[in-house]
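[1] how would this look folded up:
(chains A and B)
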2 protein chains.
Amino acid sequence: MSMKNQIAVIGVGCTKFGDLFDQGYEDLICDAAFQAYDDAGIDPAEIEAGYLGTYMPGPSGGKASVSLGDALRLYDRPITRVENYCATGTDAFRNGCMAIASGTYDVVLVLGAEKLKDRGGRGLPRFGHPLLAKGNSAPGLFALAANRYMHTFGVGRETLAKVAVKNHYNGARNPKAHLRSEVTEEKVLAAPMISSPFGLFDCCPTTDGAAAAILCRADLAAKYTDAPIWVKGVGLSVTSGRPYYDPTFDYLGFRSTSNASKQAYDMAGIAASDIDFAEVHDCFTWTEVSNIEDLGFCAKGEAPGWIAEGRTSLSGDLPINPSGGLKSFGHPIGASGVRMIYETTEQLRGNCGERQIADAHLGLAHNVGGPGAVSCVIVLGNEK
Amino acid sequence: MSMKNQIAVIGVGCTKFGDLFDQGYEDLICDAAFQAYDDAGIDPAEIEAGYLGTYMPGPSGGKASVSLGDALRLYDRPITRVENYCATGTDAFRNGCMAIASGTYDVVLVLGAEKLKDRGGRGLPRFGHPLLAKGNSAPGLFALAANRYMHTFGVGRETLAKVAVKNHYNGARNPKAHLRSEVTEEKVLAAPMISSPFGLFDCCPTTDGAAAAILCRADLAAKYTDAPIWVKGVGLSVTSGRPYYDPTFDYLGFRSTSNASKQAYDMAGIAASDIDFAEVHDCFTWTEVSNIEDLGFCAKGEAPGWIAEGRTSLSGDLPINPSGGLKSFGHPIGASGVRMIYETTEQLRGNCGERQIADAHLGLAHNVGGPGAVSCVIVLGNEK
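    Prediction:
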């Protein structure tokens, strides 16, 4: 049986994202989880299983599941850590859904958490495969694809800048976002270059944060809320994303995103055009451009036109990243996907105030990592 | 609906374990996976989803799911990395089972892999919580509990030595084991001390290896085999295992193992006494002593008597670690749990030659990490 409408999101929580030097990994976990407990009106004792999405667990380098247990005193229950690169948070959510749908548990906590700002000498590991030359960084790798795309479709840096302007605008209206300042297109274009074509404002920041979601079996949702949010579809896809492994990779977009979204749409029984808004993985401004196409909202090469016309703004017909996105909200790796579930849920509930999207019934959350090697897509809705 | 009898193991594979300096991470993945493909008689294209259990992914420190995809060219499909400390392999298997039981996939590959021998400067991360003093190692932490246990129950190092002698005896009969030499009780007792009461032969070695299992929906099993092995029950439990977090921890055994086994027995509808043999997590000889009790085979303090009477030997009434265990087979962290699934499956099929257990119908695989903070238990059977 398909998981569609079998799982309800009954509570969500999210910390303020930012440079949280005064809060540890376990502090962030507690903040997010207790917000979700309060939101669901649930006694923590009712949580039957946990999923933790974290890319680089605490300072000891392991025992992530135990860290979640210790932080929340969530003992004598199963807790699994899921890691799937930048798709860690959404994949933790996907596995939490399957754990309930399997009939094994009724109520599951999914929590994404990451501390990136004060890791001392550990820092981010080197990206990529050992076959790749040393020194390749996330901006450098995504820039390869951005340059190819911009060359092929005759797109300039102005298109990228419009994504930054929009996402900073949205994030400035989000009290939990990391970077809450608006920026102008001129400022974005004049910023120092990080890895051409990405200037400083084309890159998401390095951020600490955590987010949580509580899921339950559909028939139990009414016990906790009269407005559950339903899991409509989930998808995950891995591909190489490296041309020397996969000569069909054209550097114009990410096949893993197309695959994952197709899985999710098929489960939900919808088409891409049924989605009302999306939280997508804008680690760099260009990534959002590509995601809009890879998720099937428009054809390859058409997203720049949509962006120029304002169709992806808060008041457009397909708002993208109403939260501010990774660009403004920040990107604590394992937390980001669950934070997207938080935003999508709050939008579907109509709780987003100044950045609320009108008439939102189907929302999508999307992570991509790799670059492009792994993507996860979750579709949520507020009607059964 | 319970997962009992809903999932079939239709193929397993396992590399030779050892100091595999001439094989990389992806080589090991291929070796284990293709053995499992051949064993199941399955076309790799039929694999719908993958689960990778790995504690420390390849040299780049991430992208584990992509490594599995690249090694096997298993593209355009979902692959999730599960990490749960020393319970990584069995928890990957547990999540693979739930993915099928959720109705999302019909055929899933579970693969555990770890390279521990040639990690250069990266090595094993420091164990434990930052509150623990630096320098604590796995032998040191497990030794704390072993000493408490031996003091409380008046047990000497001779009991520990008997575990080493038995597991080396079994491993000497296993062509894939890392350490294939038999040892005498005298040799074990005279070996250099690592962390009292553990001498060299009380500790499992540091090992490279990988193992794989292919699972499918019960009603599809007949397509692949006329002797499927059935998943009877699974369990996972996290607890602190640290007395300053959990003052009830008495250092005499691991509550996480008791909890996880109770979950698995309940799902299987059996009692501990129904188990015919078990692969348990003997990272140190004392851990096996404690596991026998924590899994409910006998009361706390009784395992030393069982061991002395030979009840846990290959010809005893409850053979423990017929494979040779971590002690002799080796312990590549994420691979170990799946390797136990391999051994349990092969024993239930009657394929184990010199180390075959007579009349085996229900077998158990068990990982514990932490020390004691997380445990996972899987029960398999050869009758529906």
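
[2] And the strands in the stretch 201-350 of chain A?
    Counting by DSSP state E, counting those that start in this stretch, the stretch 201-350 of chain A has strands at residues A:209-217, A:229-238, A:277-279.

[3] Check which helices and strands the longest one is in contact with.
    What that stands for is strand A:229-238. Counting contacts by 3 or more Cβ pairs under 8 Å, 6 or more residues apart in numbering or on different chains; DSSP states H and E, strand A:229-238 is packed against strand A:7-14, helix A:88-101, helix A:255-268, helix A:333-349, strand A:374-381, helix B:64-72, strand B:79-83. In this view, the C-beta of every residue, glycine as well, is placed from N, C-alpha and C.

[4] for the shortest one, same thing?
    Strand A:277-279 makes packing contacts with helix A:333-349, strand A:362-369 when contacts are defined by 3+ Cβ pairs under 8 Å, 6+ apart.

[5] can I get those in a markdown table with mean pLDDT, mean neighbour count and distance to B:Arg255?
    A markdown table is the format used below for those (pLDDT from 0 to 100; neighbours: other Cβ atoms under 10 Å in any protein chain shown; distance: least, Cβ to Cβ, whole Å):
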| stretch | mean pLDDT | mean neighbour count | distance to B:Arg255 |
| --- | --- | --- | --- |
| helix A:333-349 | 98 | 29 | 27 |
| strand A:362-369 | 97 | 29 | 35 |
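
[6] Can you list the buried residues in stretch A:349-356?
    A:349, A:352, A:355-356 (16 or more other Cβ atoms under 10 Å in any protein chain shown).

[7] Which residues does that stretch contact?
    For stretch A:349-356, contacts defined as Cβ atoms under 8 Å, 6 or more residues apart in numbering or on different chains pick out A:170, A:173-174, A:227, A:229, A:314, A:322-323, A:343, A:346-347, A:360, A:382.

[8] With just CA atoms, put it into CSV.
    Extracted in CSV, the C-alpha atoms of stretch A:349-356 (Å, rounded to 0.1, in the frame of the first residue of the first chain):
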residue,chain,number,x,y,z
ARG,A,349,-1.3,25.6,8.4
GLY,A,350,-1.3,29.3,7.5
ASN,A,351,1.0,30.2,10.3
CYS,A,352,3.6,32.2,8.4
GLY,A,353,2.4,35.8,8.9
GLU,A,354,4.1,38.3,6.7
ARG,A,355,5.5,35.6,4.4
GLN,A,356,2.4,33.4,4.3
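
[9] chain center to it, what's the gap?
    In terms of Cα atoms, centre = their mean, to the nearest Å, the centre of stretch A:349-356 is found 18 Å from the chain centre.

[10] interface residues of the stretch 251-384 of chain A facing chain B?
    Selection of the stretch 251-384 of chain A residues close to chain B by Cβ under 8 Å from any Cβ of the partner chain yields A:255-256, A:259-260, A:263, A:369-370, A:373-374.

[11] tell me the contacts of A:Gly103?
    A:Gly103 is in contact with B:1-3, B:101, counting by Cβ under 8 Å, 6+ apart.

[12] Any idea which residue of the stretch 251-384 of chain A lies closest to chain B?
    Here the stretch 251-384 of chain A gets closest to chain B at one residue, A:Ala373, 4.4 Å apart by Cβ to the nearest Cβ.

[13] can you tell me how far that residue sits from A:Leu141?
    Per Cβ to Cβ, to the nearest Å, A:Ala373 is found 10 Å from A:Leu141.

[14] between these two, who's got more neighbours?
    Per other Cβ atoms under 10 Å in any protein chain shown, whichever of A:Ala373 and A:Leu141 has more neighbours is A:Ala373, with 32 against 20.

[15] picking that back up, go ahead and confirm the residue of the stretch 251-384 of chain A closest to chain B touches A:Ser240.
    Yes: using Cβ atoms under 8 Å, A:Ala373 is in contact with A:Ser240, at 6.2 Å.

[16] shared neighbours, those two?
    The contact lists of A:Ala373 and A:Ser240 share B:66, B:69, where a contact means Cβ under 8 Å, 6+ apart.

[17] coming back round to it: filter the contacts of stretch A:349-356 down to the buried ones.
    Buried by 16+ other Cβ under 10 Å: A:170, A:173-174, A:229, A:314, A:322-323, A:343, A:346-347, A:360, A:382, out of the contacts of stretch A:349-356.

[18] show me the contacts for the residue nearest to A:Leu220 when sequence neighbours are not counted.
    Of all residues not flanking A:Leu220 in the chain, A:Asp106 sits nearest, at 5.9 Å (Cβ to Cβ, 6 or more residues apart in numbering or on different chains). Neighbouring residues of A:Asp106 by Cβ under 8 Å, 6+ apart: A:48, A:100, A:216-217, A:220.

[19] Only whichever of those residues are buried, select them in ChimeraX.
    The buried subset of these, as determined by 16+ other Cβ under 10 Å, is captured in ChimeraX by this line:
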select /A:48,100,216,217
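
[20] would you list the contacts of A:Asp106 in JSON lines and tack on pLDDT?
    As requested, the contacts of A:Asp106 are exported to JSON lines (pLDDT from 0 to 100):
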{"residue": "A:Glu48", "pLDDT": "98"}
{"residue": "A:Ile100", "pLDDT": "98"}
{"residue": "A:Cys216", "pLDDT": "98"}
{"residue": "A:Arg217", "pLDDT": "98"}
{"residue": "A:Leu220", "pLDDT": "98"}
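
[21] Out of the contacts of A:Asp106, flag the one nearest to chain B.
    Ranked by distance to chain B (Cβ to the nearest Cβ), those are led by A:Ile100 at 7.9 Å.

[22] now for the lowest-mean-pLDDT helix or strand in chain A, which elements pack on it?
    Least confident helix or strand of chain A, by mean pLDDT, DSSP states H and E, is helix A:64-72 with a mean of 88. For helix A:64-72, the elements it packs on are helix A:25-40, strand A:49-53, strand A:79-83, strand B:229-238, judged by 3+ Cβ pairs under 8 Å, 6+ apart.

[23] what about A:Arg94, distance to A:Ile341?
    Using Cβ to Cβ, A:Arg94 is found at 10 Å from A:Ile341.

[24] mind checking how far A:Ala161 is from chain B?
    According to Cβ to the nearest Cβ, to the nearest Å, A:Ala161 and chain B sit 30 Å apart.

[25] Surely that residue is within a strand?
    No: read with DSSP: H, G, I helix; E, B strand; the rest coil, A:Ala161 is helix and lies in no strand.

[26] Quick check, it in contact with A:Thr285.
    Yes: counting by Cβ under 8 Å, a contact exists between A:Ala161 and A:Thr285, whose distance comes to 7.3 Å.

[27] Return every residue with contacts to both of these two.
    Contact criterion Cβ under 8 Å, 6+ apart; residues shared by A:Ala161 and A:Thr285: A:201-202.

[28] how about low-confidence regions in chain A?
    For chain A, the stretches flagged by pLDDT under 70 are A:58-63, A:119-136, A:241-245.

[29] change it to 90
    Residue ranges of chain A with pLDDT under 90: A:1, A:24-25, A:55-67, A:70, A:115-141, A:144, A:240-251, A:370-372.

[30] Show me which residues of stretch A:208-220 are buried.
    So stretch A:208-220, judged by 16+ other Cβ under 10 Å, has buried residues A:208-218.

[31] do stretch A:297-317 as well
    A:297-298, A:301, A:303-304, A:306-307, A:311-314, A:316.

[32] In helices only, show me those.
    A:303-304, A:306-307 (DSSP state H).

[33] and the two most separated of the buried residues of stretch A:349-356?
    Spatial extent of the buried residues of stretch A:349-356 (Cβ to Cβ) is set by the pair A:Arg349 and A:Arg355 at 13.3 Å.

[34] Give me the residue at the spatial middle of chain A.
    Centroid-nearest residue in chain A: A:Gly337, 3.1 Å away (criterion: Cα atoms, centre = their mean).

[35] In this structure that one contacts A:Cys376, no?
    Yes: shown here, A:Gly337 and A:Cys376 form a contact pair, counting by Cβ under 8 Å, at 6.7 Å.
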